[in-house]
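**Q** what's the 3D shape of this:
(one chain, ligands or ions: 3)
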Amino acid sequence: MLHVLDHPLITHKLTQMRKKETKTKDFRQNLDEIGGLMAYEITRDLPTKEVRIETPVCGCVTKELEKDIVLVPILRAGLGMVNGICNLIPTVKVAHIGMYRDEETLQPHPYFEKYPKDMDRSIVMVVDPMLATGGSAAAAIDMVKKQGACDIRLICLVGAPEGVKVIEELHPDVDIYLAALDDHLNEKGYIVPGLGDAGDRIFGTK
Ligand SMILES: O=P(O)(O)OC[C@H]1O[C@H](OP(=O)(O)OP(=O)(O)O)[C@H](O)[C@@H]1O
Ligand SMILES: O=c1cc[nH]c(=O)[nH]1
Ligand SMILES: [Mg+2]
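**A** Ligands and ions are numbered 1, 2, ... in the order given. Down below sits the predicted model:
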C-alpha cells in the first residue's frame, strides 16, 4: 500500500531541498530532519510487547518494541536518511546495500551488501530518497527477501508514479512511504519536478 506523508514540516523541508540554489550543507540537514519526521510516522503501527519494570516509585506493567528494526539504506543517497531515523529509533541495526543506476540503461547494479543476523525476524526498512523507475528499490527488496526478510517497508522521499507501480506489481507485500508523489519521469529517468540527483547533492559530487 502507498502512504504519502502529508505533513507541513516535511513538505516545507522538502521544498528547501528541491530548490536548485540549496547547497550541500542545507540539503543534507533538511534530509536528515525529514528522515526523523518520517520515522515518527512510519513507526506508528510497530508491534509492542508487555514488560514488567520497576520505576523509582513502584513496579508496573508497560510496553516496549517487540521486534528488532533493520534499516537498509541503498548507497549512496540512502545514507542521507540514516542519521535522522537512527536518532528516533536508537536500537536500530543498519544493513547496507550498494547500488548504482546505469545512466544509459537505467538498470540497477548492486556492488555491496552486508546484513545483521535475524533479518527474517526483524522489521526491515529499505531507505532511499528517490524512487524513480523503481528498479533500484525492487532489486534491493529482492536482496533483503533472499536474506529471509518478510516484514518490509520502503521509505523514500520523492516517488514517481512509474516507480510506485513497479513496486506494487513486483512486491505487493511491501508498504511504500513517500514524502511526496511527483508527476512523472523525464527522458533521462529523472523525477519531475524532483530535486535532481540526490546522491550528488548530498555528497557534493557535481
Ligand atoms: O528508481 P531508479 O530508477 O532505480 O532510480 C533511483 C535510484 O537512483 C539513485 O541512485 P544513483 O544510481 O544515482 O546512485 P547514488 O545514490 O550513488 O548517487 C537513487 O538514489 C536511487 O537509488
Ligand atoms: O530524479 C532522480 C532519479 C534517480 N535518482 C536521483 O537521484 N534523482
Ligand atoms: Mg545518484
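**Q** can you count the residues close to E33?
**A** E33 has 17 neighbours, counted by other Cβ atoms under 10 Å. C-beta here means a position set from N, CA and C on the backbone, and glycine is covered the same way.
**Q** Secondary structure class of it, three-state.
**A** At E33 the chain is in helix, as set by DSSP: H, G, I helix; E, B strand; the rest coil.
**Q** Pull the contacting residues for it.
**A** By Cβ atoms under 8 Å, 6 or more residues apart in numbering, the contact set of E33 is 13, 84.
**Q** residue contacts, A198?
**A** Neighbours of A198 in contact, by Cβ under 8 Å, 6+ apart: 77, 80, 129-130, 157.
**Q** Which of the residues you listed sits closest to T91?
**A** G80 (21.1 Å; Cβ to Cβ).
**Q** Helix, strand or coil: sort out that closest one for me.
**A** helix.
**Q** Report the separation between it and ligand 1.
**A** Applying Cβ to the nearest ligand atom, to the nearest Å, the value for G80 to ligand 1 is 9 Å.
**Q** is it true that that residue touches N30?
**A** No: between G80 and N30 there is no contact under Cβ atoms under 8 Å: 9.7 Å.
**Q** picking up where we left off before, put together JSON lines for the contacts of A198, with secondary structure on each row.
**A** Below are those laid out as JSON lines (three-state DSSP):
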{"residue": "A77", "secondary structure": "helix"}
{"residue": "G80", "secondary structure": "helix"}
{"residue": "P129", "secondary structure": "coil"}
{"residue": "M130", "secondary structure": "strand"}
{"residue": "L157", "secondary structure": "coil"}
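**Q** what's the most distant pair in the residues you listed?
**A** Farthest-apart pair in these is G80 and M130; separation 10.5 Å (Cβ to Cβ).
**Q** list the contacts for the residue of the chain at minimum distance from ligand 1?
**A** Closest residue of the chain to ligand 1, Cβ to the nearest ligand atom: G199 (2.2 Å). G199 makes contact with 76-77, 205, according to Cβ under 8 Å, 6+ apart.
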